[in-house]
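Colleague: Structure of the sequence below:
(3 chains)
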Amino acid sequence: MSFFIRLFAVIRFESVIHEFDPYFNFRTTRFLSREGYYEFWNWFDEGSWYPLGRVIGQTLYPGLMTTSYLIFHALHFFGIMIDIKDVCVFLAPLFSGCAAMASYLFTKEVTGRSEAGLLGAVFLGIAPSYLSRSVAGSYDNEGVAIFALVFSFYVFVKAIHTGTMLWGMLAALAYFYMVSAWGGYVFITNTVSIYMVAMTLLGRVTGRHFVVFCTWYIIGTMLCLNIPFVNFQAVTSSEHMASHGVFLMLLAYMASQYLRDLIPREGIKFLVRVLVVGVVGAFLLLFSYLTITGKSRWSGRSMTLLDPTYASKYIPIIASVSEHQPTTWSAYILDLHILILLAPIGLLVCFKHMTDGMVFAGLYGILSVYFSGVMIRLMLVLAPAAAVLAAIGLSWLLSAFVTYAKSPTALQKAKLKAKGSRAGASLSSFMSFGEAPTGNMSRTLALLGLGFLLYCTVKYVAHCTWTSSVAYSHPSIVLAHRGRDGARHIQDDFREAYYWLRQNTYPRSRIMSWWDYGYQITTMGNRTVLVDNNTWNNTHIATVGLAWASKEEDAYPILLKHDVDYVLVVFGGVARYQSDDINKFLWMIRIASGVYPRVQEADFMSPTTRGYSVGKDASQTMINSLMYKCCYYRFAEISRGFDYARNSEIGKKDVTFKHLEEAFTSQNWIVRIYKVLKPPNRGTKLKSRSSD
Amino acid sequence: MKALSGFVSTLTDIAKSGFQQYKKVTPDRVKLLDLLVIFLGYTAVVQLLYCFIVGSFPFNSFLSGFICCVGSMTLTIGLRVQLMDPEEFKITAERAFADYLVCNLVLFLTVINFLG
Amino acid sequence: MALFTLPLLVAVIPCVLCTTDLAKAPPLVDERIKEALLGTSVRNEVTAPEVRPAVDDHKYDNPRTLVVLDPIEMKDSFTRFFKQMEAAGHRLAYRKVRDSDVDKEMFRHGERAFNNVVLFLRAPFPSSDALRSLFGQLLSFMDDGGNLLIATGASVQGNSDGSGDDTAAVASSAQWKELRTFANELGMDLDRRGWVLRDHFAFHGSDEGQHSMITSDKILRSTPVVDDKALGGPVAYRGVGHWLSPSNSLTFSILRASPTTYSAPASVEEDAGYRGDKQENTFLVSAMQAHNSARAVFSGSLDMFSDEFFLLSNVSNSQFCGQLAAWTCHQTGVLRSINLRHHKYDEESAPYMYRIMDNITFSIDIQEIKQGKWVAYMGDDVQVEFVMLDPYLRLFLDNKASSGTFTTNFKAPDHWGVFKFVIDHRRQGYTFLHIEEQAPLRNFKHDDYARFIWCAFPYYGSVFSTIAAVVGFSFIFLSSA
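Modeller: Numbers count the residues shown, from 1 in each chain, chains lettered A, B, ... in the order given. As a prediction, this is how the structure comes out:
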C-alpha cells in the first residue's frame, strides 16, 4: 500500500524525476551504471562548477546510487531489462515499503507486541511527511535513509535486548548503510550516545549495554571513516564527539564498577575522588581546547540545528533554502495528522513501562521533535518516531478498550495472567495498562471508544491519500494548472529549455544560472554549469550572484573571465510561476554581499516604499541589474508590462542589451536563455573632440 | 612532601590489595584475555607516542592502526564482560567467543581498507 | 534474517566491486566517458569553429580587391600604385561609390566576396546618405574579416598641378560628419572640416605655394608594417591629419607628422601667419587591427598614392605605399599556428584529462607569411599560459633550432580544475594569435597515491601484530578451554 500511494505523480504526469537534488542522484547513478564502480569512485566532473571542477566520487554519499545500481544489475541478470531511470523513479516507493517493514520490526522489538508493530508499519508507510520525500520520482537520499534509520534503530534495540556482540556488529553494519546514504546519520550517532547517557543517569546500565555500545561504536566509527565524504570528520568533527565522550564515560563507569569488586571501600572513595576530578577536568579541557582553537568545529548545518538563528546571521546560503526554515504548526498537522495526538500517549507509555527499548523509543521521539521544530526538512526524521510512538499509544488504548469490551470471564483470566507473568517481567506478556483494570467501564462505552479510534485511523488513511495526491505529487519540473474552463494545462517549459540547450548549443558550452538549476542543466541539458545545488563553494556562488546583481557593463567582464557562453534565467511573470529568479533575487544579493561588500541589499529596495519592488518605484540599481534586464527583455510585448507573478506593472519596459543576445524563450516564458556576445571587434568607438 | 609520599603509599597499598583480589577472583582464561588487553593497549600507546613525535602525516594510517588496537582491546573487554557474567547474557562461552571472532574479522577488514 | 544480510551486502560489495569491476569497463574509459556525456566525438573544442568564406582561399597570393573610387576618373592618377598592387598578385575590380551596387558587391549571398577594399575619396564627395551606407557596409566588411585601405583628402586644395585653387570644393558639413563618424569607428579622430596640414620646414622642394606638400620621415620602425631601413627618403604628403586615442590598444600610427607641422583652414593665405592649432602628435597614416585581425589603414592624403607624388625626387612614396598596401592586405605580418599538440611527457597523444602533478609537453608550430609562402616564425618571446580563471603558469616557448616549432615542458600545478592553455600573442604589426585549448586536471584517483608510505610502517606493523595477537590468542584460548 505504501508503494501504491506514492504513485500519483507517475499516473498524473509521467515517470520522471522530480525537483533538483534527485537529478544529481540520477545523473550519478546513470554514470555508475554505464562506467562501473572504479570510475564512479574516482569521478572528477569537469561539467559542473566550471572552472573549478568537482570531485564527485569522493564528495557524495554513495548508498543510494549503489543500491539502485545493485537492483538494476540484479534485474538485468534475471532478464528484466529495465531502464535505470525507472529504477530510480520507483526506488523510493520500494524502500518506503521496506521502511514500513522495518517499523514493524522496531515497534515489535520495543514493545513486544506484534499488533503495535503492525500499527507502526501502517502509520509510517503512509505518513505524509515521509511521503513527501519519497514519492515516485523523488529520487533523493532520504528515501533510502529513512529505511536505514529505522532499521538501524531496530537492530540496535534488538542488540541491547540480547546483548551479544554479533548483534552489536550488525547494528554497526546497519549504521554503516545509513552513513553511506545520508548526511543525517549523525542523528543516529547522537541518539545512541544520548541514550547511553540517559541509561547511565537512570542507573540501568548493565554489561549488555556496555558490550553492545562498545562494539557498535568501534566498528561503526571505523566504517564511517571509510566513506570518503565523511573521512576524518568521523573523529574530528563535533558531531561525533558525543559518541567519543560516551565511549570513554562508559569505559570509566564499567571500570569503576569492576574496581568496586576488587578494592575495599575506603580505597574506592579515595580513588574516585582523584580520578573523577582528573578525568572530567582533562576531558573538559580537551574539548574546550579543541573548540576554541577550531580544531574541531561544528558544521554550519549542525550549528543551525542548535541555534536556529545562526544561519540567518552568518551563512545566508543555508538560510535561503526553503527547506531549512523553521516548521509551522500547520505543517505538523498536515504532515502527521492523528499521529500528533497519539504520539504523546505513546510517550507516556514508554516512560511508565521502562524497558531498554521503551526508553530508546521515547528518547528518539523527544529528540526528533526538537529537531523537527528547527527545520521543515527534519519533519522527515520525526515521522518514524511519531509513527512508532503513536503505534504504541494506540495499541495500548486498543488493548485497554478491548479488555473492557471483552466479557467478564475473559477479564478475570486476563487479570490472572497479568499477575502471574508480571513477576518475570518478560517483554512479550504485557497485556494491560499498568495495573489490572480497576475501574468499571461499561461495555458500550468501551465499544464506543473502539469505534472512535477506528474512525480516527480511517480518517488518517484518507488524509494521507489526499495529501499524497494533492500536495506532494507534482514533479516540480513539470507544472500544471487548471485553466478557466477546468481543463488541465501542462507547462513543460523547463524540459523544453533544457532540450533546446542540448540540441542547439555547442557541447562544451558553459551556462550561467542560479545554483538551483545546476543539477537539472547538467543532467538534462548535458552542458557545463558554473554553480549547482551542491553549494560547496560559497565564493563562486557569490561571484555568480555578483554578476546577476551588477549592471550589464560590470557583469560582462565576469562573464568573460568565466568563459560563460549562455546565461539562463527562470521568470514567472507570464506563467504566474512564483518561485522564479526575481523572487529569489534578494537571496542572490544577500549571498553576493557576503563576499563582495559593494553589493548592498539596501540599494535594491525601492527608495520610496523601502520594500522589494520591480514596479515604477524600483531603484535604479534594481532596474539596471542583469537579472532584471534578462527577465524583462521584450516583456512589454507580451503582457504590456504587467507582471503576473508579482501583480504589479514593471518599471522599465524597454530593456536593451549591449553584450547579450536573446537565444531562447520557452513557450510560457518561464525559462529564458541569452547568448553572451564576444567583445566588440573594433573596441569602443572613439568620442570625437571636434564638433565639425 | 610527606603528603605526597603518603599519597603514593596509599595508592600502592590500594593497588596491591586490588591485585591480590584480582588474582583470587578471575579464572585463568580471563587472565589470558587481560594479558591480550594489556598488550593491545601498549601497542596503542606506542602508536600514539609515535604520532606525537613524528607528526600525523598519513593520518588515515595512524587512525586505522590506532583504532585497530583500541577496537580489538574494547572487543576483548566486551568478551571478558560476557564471560564474567554468564547469567546476564544467557549465551554460552563458545557463542560469545565466536561473536568475538566475527566482530574482529569485520574490524580488521575495515581497518585494512582504510590503511592505505 | 534475510533483511539483516542487506546491510552486510551493501557494506561488503563495494569493496569487491572495486576489484572485479562489474561493468567490465575497457581500459581507455576516459574516452568513453566523454562520448557518453557529450554525445559527440569532438576533442577539446570549446566553441564552434569559425567558417571562412570561399574568397579567403587565395587570400595571401592572389587576393580579390575591390577598388572604390569617386570620381572614377581618378583611376588614371594612380596607375603606378595600382600596377604595384597587381604585380603583388591582386585581382582588382574598380567601382564608383555612386554605383548603387557597390554596397551589395562586398557581400554576395551573405558571404564576403572580396578580401580587401581600397577606398579613395575626394571632393566633391558623394551624398551623405550614400556615404553612410557605404561606410556601414565597410564596417561589416571589416568585422567579417576583410581589410580596408582608405585615403581621403579634405579638399581639392592642391590639384595635381600644385596650384592652389581657392574655389576648390570642400566637403559639406553632413558629408564630413559621415566621414568623421566612420573614422571614429576605426578609432581615429579627423581634423576640422576644411583644414589642411602645412609645414614651413619639412616641405617638399617643389611646393612653392602654401607648403602643404609636407614630408615626414617619422615612420614606424622595426615592425613588419614597413621596412623603414629600405626606404630611400621621407614620404610626401598633402592632406588632413588625424589623432588617435592613447587608450585604444588596437590602433597605432604608421606615419607621423614632423613636429613643425600644423593644421590651418585651407583658404588662408600663406602670409597670414595663421598658426591655427598646433597639435603634438598629428598622425598622417595610421592603422587599426581589430580583434579578428582585420586591418584598416587610413591615410589623410590621397595624393600620397598618386603618380605625381611617386615621381617626385627624394621621396620614397612608391616603396612606402607598396609596402603599406601589402601589409594592409595581409601579405606581410600574418601569423598562423598549426600542429597544436600537448600530451604527457612520455605519451604521444593528448588524453581526455590530465592529472595534477603530471609532466606535460606542449608544442605548437607558428608560421608567418613571406612572399606568399608560409615560413617559420622567428619570434623569441611567445608565451603560453596555463589558466584557470587566473594564470597558474606562464612559460616562454622555446623555438628549437629556429624551426618554428615552439615547445615547452612543465609540471601541472597541484590544484585540480578545468584549465586551459592560452596563447595570446599580440605584437605590433603582426596579426593576433589567440589560442585556447582546454586541458582539465583531475585529482588523484584513489589508487594514484603511493601504495606504501614508509613513515607509516609502524601503523602497518601494529595492525598486523594485532591480527597475529588475536589469532594466536584465540588458538590458546580454544586449546585451554
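Colleague: Compute the distance between the residue in chain B that chain C sits nearest to and A:Val359, please.
Modeller: Of all residues in chain B, the one sitting closest to chain C is B:Gly65 (3.3 Å; CB to the nearest CB). Bear in mind the C-beta positions are built from the backbone N, C-alpha and C, glycine included. Per CB to CB, to the nearest Å, B:Gly65 is found 36 Å from A:Val359.
Colleague: same thing with A:Ala181?
Modeller: Taking CB to CB, one finds A:Ala181 at 26 Å from A:Val359.
Colleague: Quick check on these two: which one has the bigger neighbour count.
Modeller: A:Ala181 (28 against 21; other CB atoms under 10 Å in any protein chain shown).
Colleague: Could you list which residues are in contact with the more buried one?
Modeller: Contacts for A:Ala181 (CB atoms under 8 Å, 6 or more residues apart in numbering or on different chains) come out as A:61, A:63-64, A:67, A:141, A:144-145, A:148.
Colleague: do the same with A:Tyr517
Modeller: Counted by CB under 8 Å, 6+ apart, A:Tyr517 has contacts A:20, A:529, A:532, A:568, A:570.
Colleague: just those residues now: which is nearest chain C?
Modeller: Nearest member of the contacts of A:Tyr517 to chain C, counting by CB to the nearest CB, is A:Val529, at 12.0 Å.
Colleague: which strands and helices sit next to whichever helix in chain C runs longest?
Modeller: In chain C, taking DSSP state H as the definition, the longest helix is helix C:457-480. Counting contacts by 3 or more CB pairs under 8 Å, 6 or more residues apart in numbering or on different chains; DSSP states H and E, helix C:457-480 is packed against helix B:28-54, helix B:59-84, helix B:93-115.
Colleague: So A:Val16 lies in a helix, does it not?
Modeller: No. A:Val16: not assigned to a helix; according to DSSP: H, G, I helix; E, B strand; the rest coil it is coil.
Colleague: The helix or strand C:His343 falls within pairs with which strands, parallel or anti?
Modeller: Using DSSP states H and E, C:His343 sits within strand C:335-344. Sheet pairing of strand C:335-344 (DSSP bridges) gives strand C:359-370 (antiparallel).
Colleague: Please point out which parts of the partner strand sit buried.
Modeller: Residues C:360, C:362-369 are the ones in strand C:359-370 that count as buried (16 or more other CB atoms under 10 Å in any protein chain shown).
Colleague: swap in stretch B:97-114?
Modeller: Buried positions in stretch B:97-114, judged by neighbour count with 16+ other CB under 10 Å: B:97, B:99-101, B:103-104, B:106-114.
Colleague: Ranking by neighbours, what's the top pick from the contacts of A:Tyr517?
Modeller: A:Asp532 leads the contacts of A:Tyr517 on contacts (other CB under 10 Å) with 27 neighbours.
Colleague: Stretch A:559-570 and chain C, are they touching?
Modeller: Yes. Using CB under 8 Å from any CB of the partner chain, we find that stretch A:559-570 touches chain C at A:561-563, A:565.
Colleague: on that earlier part again, so which of the buried residues of stretch B:97-114 comes closest to B:Thr43?
Modeller: B:Val111 (13.1 Å; CB to CB).
Colleague: For B:Val45, see how far away the closest one is.
Modeller: 18 Å.
Colleague: Flag every residue of the stretch 551-692 of chain A that's near chain C.
Modeller: Residues of the stretch 551-692 of chain A lying near chain C (CB under 8 Å from any CB): A:561-563, A:565, A:678-690, A:692.
Colleague: Buried ones among those residues?
Modeller: Using 16+ other CB under 10 Å as the burial test, these include A:562-563, A:565, A:681-683, A:686, A:688 as buried.
Colleague: helices or strands next to whatever helix or strand C:Arg80 lives in in the packing?
Modeller: Using DSSP H and E, C:Arg80 sits in helix C:79-87. Here helix C:79-87 touches strand C:91-96, helix C:307-310, helix C:317-328, going by 3+ CB pairs under 8 Å, 6+ apart.
Colleague: tell me the most buried of these?
Modeller: Highest mean neighbour count of the helices and strands packed on helix C:79-87: helix C:317-328, a mean of 23 (counted as mean count of other CB atoms under 10 Å in any protein chain shown).
Colleague: What score does the nearest residue to A:Thr200 once chain neighbours are set aside have for pLDDT?
Modeller: Excluding the flanking residues, the one nearest A:Thr200 by CB to CB, 6 or more residues apart in numbering or on different chains is A:Tyr253, at 6.3 Å. Note for A:Tyr253: predicted pLDDT of 80.
Colleague: what sits against A:Tyr253?
Modeller: A:200, A:205, A:210.
Colleague: From those residues, which shows the smallest pLDDT?
Modeller: A:Val205 (79).
Colleague: ok, back up a step: may I ask which two of the residues of stretch A:559-570 next to chain C are separated the most?
Modeller: Pairwise over these, using CB to CB, the maximum falls at A:Lys561 and A:Asp565, 13.1 Å.
Colleague: hang on, the earlier thing: check which residues of the strand holding C:His343 are buried.
Modeller: Applying 16+ other CB under 10 Å to strand C:335-344 flags C:335, C:337, C:342-344 as buried.
Colleague: And for stretch C:373-384?
Modeller: So stretch C:373-384, judged by 16+ other CB under 10 Å, has buried residues C:374, C:376-377, C:379, C:382-384.
Colleague: and what of stretch A:661-668?
Modeller: For stretch A:661-668, by 16+ other CB under 10 Å, it's A:663-666, A:668.
Colleague: would A:Ala480 count as being in a helix?
Modeller: No. Per three-state DSSP, A:Ala480 lies outside any helix segment and is strand.
Colleague: on that earlier part again, how about the buried residues of stretch A:661-668 in CSV, adding pLDDT?
Modeller: What follows is those, written out as CSV (pLDDT from 0 to 100):
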residue, pLDDT
A:Ala663, 93
A:Phe664, 93
A:Thr665, 92
A:Ser666, 91
A:Asn668, 88
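Colleague: Please list the members of the residues you listed that lie in strands.
Modeller: Among the buried residues of stretch A:661-668, the ones falling in strands (DSSP state E) are A:663-665.
Colleague: Would you convert the residues you listed into TSV that also reports distance to B:Gly55?
Modeller: Conversion of those to TSV gives the following (distance: CB to CB, whole Å):
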residue	distance to B:Gly55
A:Ala663	55
A:Phe664	56
A:Thr665	59
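Colleague: From those, pick the one nearest chain C.
Modeller: For those, the nearest to chain C is A:Ala663 (13.7 Å; CB to the nearest CB).
Colleague: right, and that closest one touches A:Val671 too?
Modeller: No. Using CB atoms under 8 Å, A:Ala663 is not in contact with A:Val671; the gap is 11.0 Å.
Colleague: Can you tell me the number of residues neighbouring C:Glu208?
Modeller: C:Glu208 is flanked by 12 other residues according to other CB under 10 Å.
Colleague: To clarify, my last question referred to B:Leu49.
Modeller: Neighbour tally, B:Leu49, other CB under 10 Å: 10.
Colleague: now swap in C:Ser173 and tell me
Modeller: 12.
Colleague: Go ahead and confirm it touches C:Gly194.
Modeller: No. Judged on CB under 8 Å, C:Ser173 makes no contact with C:Gly194 at a distance of 9.7 Å.
Colleague: the helices in the stretch 151-300 of chain C, which residues?
Modeller: Listed in chain order, the helices of the stretch 151-300 of chain C (DSSP state H, counting those that start in this stretch) span C:173-185.
Colleague: Output the below-cut-off pLDDT ranges for it.
Modeller: For the stretch 151-300 of chain C, the stretches with pLDDT under 70 are C:154-169, C:267-280.
Colleague: Tell me if C:Ala439 really is in a strand.
Modeller: Yes. Applying three-state DSSP, one finds C:Ala439 inside a strand.
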